[in-house]
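sequence and predicted structure are below.
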Amino acid sequence: MREIELKAHAGDSVSVRKNLEKLYGEGKEVHKSDHYFRRPGESIQAMRIRSYNGIIEMTCKKTSSDENGENNFEYEFQASPDQLEPAIRFFHALGLEDFFVKKKDGLEWYGDGAHIELLSVNNLGWFLEIEILLPFDAPEDDVARAGRDIHRILHSAGLLEEDIEVRSYREMILEGGNGIQG
């Protein structure tokens with residue numbers, strides 16, 4: 001899938017939550033744990049294992065971003081939670097090394113064709129994430145429309161353009177010295 005995504009600082013998470021609840025109703029509790037791997041010597045992730053909602057999801061993400069957000073191509077598959085340790089061993093056998101861990105806790109909503117999350121991320125604070133998924137071959141008009149829809153949701157939640165965070169969580173986590181050592 002092609003993921004059109006934006007994240008923004010939500011310093012006043014209580015107000016953002018209230019605005020989202022007015023639009024989309026009560027949010028559903030969400031907890032995600034992401035374990036990232038990289039090729040030795042590289043500074044970007046190669047793979048991710050996400051534990052979420054009783055499944056694990058393996059993802060290879062090809063990411064591009066600019067001041068308007070991210071435009072990612074994601075290749076994913078899922079497995080049962082009992083496959084977590086074998087999956088980690090599998091990635092290590094492929095020559096990948098542990099990179100960092102990201103934990104997200106908060107609320108999620110679905111509305112206006114978007115997946116919307118208000119999350120506390122590691123020790124970085126609160127963020128609003130908005131994503132719209134499109135097919136890999138989506139026309140650029142659809143990609144542009146998704147971007148406009150995401151910005152409309154951002155403003156409806158009470159956030160501004162200057163709240164948008166263009167750095168990746170990887171950059172912020174590693175800047176804070178919170179990666180996996182090794």
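Cool, got the structure.

could you point out the helix or strand that follows the lengthiest helix in the chain?
Secondary structure of the chain per DSSP state H: the longest helix is helix 140-156. Downstream of helix 140-156, the next assigned helix or strand under DSSP states H and E is helix 169-175.

quick one: buried residues of that next one?
Within helix 169-175, the residues that count as buried by 16 or more other C-beta atoms under 10 Å are Tyr169, Arg170, Met172, Ile173. All C-beta atoms are positioned from the backbone trio N, CA, C, and that covers glycine.

how about those in TSV, adding distance to His115 and pLDDT?
Output for the buried residues of helix 169-175, formatted as TSV (distance: C-beta to C-beta, whole Å; pLDDT from 0 to 100):
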residue	distance to His115	pLDDT
Tyr169	16	93
Arg170	20	91
Met172	21	95
Ile173	22	94
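
nearest to Arg39, of those residues?
Arg39 lies nearest to Arg170 out of the buried residues of helix 169-175, by C-beta to C-beta, at 14.2 Å.

pLDDT score for Asn71?
If you check Asn71, the pLDDT there is 77.

typed the wrong thing, it's Ser43
pLDDT, read off for Ser43, is 86.

is it in a helix, a strand, or coil?
coil (DSSP: H, G, I helix; E, B strand; the rest coil).

and it, what are its phi and psi?
As for Ser43, its main-chain torsions (degrees, to the nearest 10) stand at phi -110, psi 10.

how far away is the nearest residue to Tyr52 once chain neighbours are set aside from Ala10?
Using C-beta to C-beta, 6 or more residues apart in numbering and skipping the chain neighbours, the partner closest in space to Tyr52 is Lys32 (4.7 Å). Distance of Lys32 to Ala10, given as C-beta to C-beta, to the nearest Å: 16 Å.
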